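Q: no sequence on this one, just coordinates:
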């Protein structure tokens, strides 16, 4: 199983980015996809997650109303649409796949920098 993030970059405050998480070697019929982030000197924190079986979503309070997680099973890809980005959102964003046996697979991460 491989998980690879893409779509990070530099954006101004108030801007938007859409991160992608491409999964190979696993079919997204069951399990969970989560987006996490880690800023320098801080612990990794959960941002948003989705159950692939029924689409149930979870989001951290800090991103509710601004970030949206989604999945495209046909493309075996998950997304994180991030709107109204703020400097506090700057971090390395990681995609996590958890299979039905609770085994975790992590991507290498993609850097998001919000700065004017």
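A: Looks like it came in fine. What you see is a predicted model, and the numbers here were worked out from it, not measured in a lab.
Q: is residue 38 in a bridge, and if so with what?
A: Following DSSP bridges, residue 38 is listed with bridge partners residue 92.
Q: Report pLDDT for it.
A: Looking at residue 38, its pLDDT stands at 98.
Q: so who does it touch?
A: By CB atoms under 8 Å, 6 or more residues apart in numbering, the residues touching residue 38 are 44-45, 91-92, 94, 109. Backbone N, C-alpha and C define where each C-beta goes, glycine included.
Q: and what of residue 19?
A: Going by CB under 8 Å, 6+ apart, residue 19 touches 5-8, 35, 79-80, 82, 93, 95, 110, 112.
Q: how close does the residue nearest to the spatial centre of the chain sit to residue 23?
A: In the chain, the C-alpha nearest the mean C-alpha coordinate belongs to residue 35, at 2.9 Å (CA atoms, centre = their mean). From residue 35 across to residue 23, the span is 13 Å (CB to CB, to the nearest Å).
Q: got it, and residue 45?
A: From residue 45 across to residue 23, the span is 22 Å (CB to CB).
Q: who's more crowded, these two?
A: Using other CB atoms under 10 Å as the criterion, residue 45 and residue 23 rank with residue 23 on top: 23 against 12.
Q: what sits against the more buried one?
A: Residue 23 is in contact with 1-3, 33, 76-78, 97, counting by CB under 8 Å, 6+ apart.
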